[in-house]
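Asks: Fold the following for me, if possible:
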Amino acid sequence: MMLLELCPACDAHRPAARALIHWHRDTDRAPEPLPQIFEDWETEALYARGWVRIPQPEKPRPARRPT
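Replies: You can find the predicted model right below:
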C-alpha cells in the first residue's frame, strides 16, 4: 500500500496539487468537482514517484433480457 500525502508547502508548484489545495481552502467549494480534482492529483503524485495509473476497464453493461 502506498500512502500519498498532500503538502501545501511542498506540492503547490504542481498543477493538480495546487487545484486540490485551492479547492480545500475555498469555503464556498462545491463537492461536484472533487472526484476529478482528486483523481488528477493522485495521478500527478503517482507519476512524480515513477508510478503510472492504469485506467480501470468500464463495467460491462448488463445483458438485456428479451421481452
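Asks: Secondary structure element holding the spatially most central residue of the chain?
Replies: Against the mean C-alpha coordinate of the chain, by Cα atoms, centre = their mean, the closest residue is residue 39 at 1.2 Å. When elements are assigned from DSSP states H and E, residue 39 belongs to helix 34-48.
Asks: can you give me the mean pLDDT across stretch 8-21?
Replies: On average, the pLDDT along stretch 8-21 is 90.
Asks: Contacts for that stretch next, please.
Replies: The contact list for stretch 8-21, computed with Cβ atoms under 8 Å, 6 or more residues apart in numbering, reads 6, 37, 38, 40, 41, 43, 44, 45, 48. Quick note: C-beta positions are derived from backbone N, CA and C, even for glycine.
Asks: Could you work out the most separated pair of the residues you listed?
Replies: Checked with Cβ to Cβ, those reach their widest spread between 37 and 48, with 16.6 Å between them.
Asks: Looking at those two, which has the bigger crowd around it?
Replies: When residue 37 and residue 48 are compared on other Cβ atoms under 10 Å, the one with more neighbours turns out to be residue 37, at 19 against 12.
Asks: shouldn't the more buried one be in contact with residue 23?
Replies: Yes: counting by Cβ atoms under 8 Å, residue 37 does reach residue 23; the two are 5.4 Å apart.
Asks: still on that earlier bit, would TSV of the contacts of stretch 8-21 with distance to residue 18 be doable?
Replies: What follows is those, written out as TSV (distance: Cβ to Cβ, whole Å):
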residue	distance to residue 18
6	10
37	10
38	13
40	11
41	9
43	14
44	10
45	12
48	13
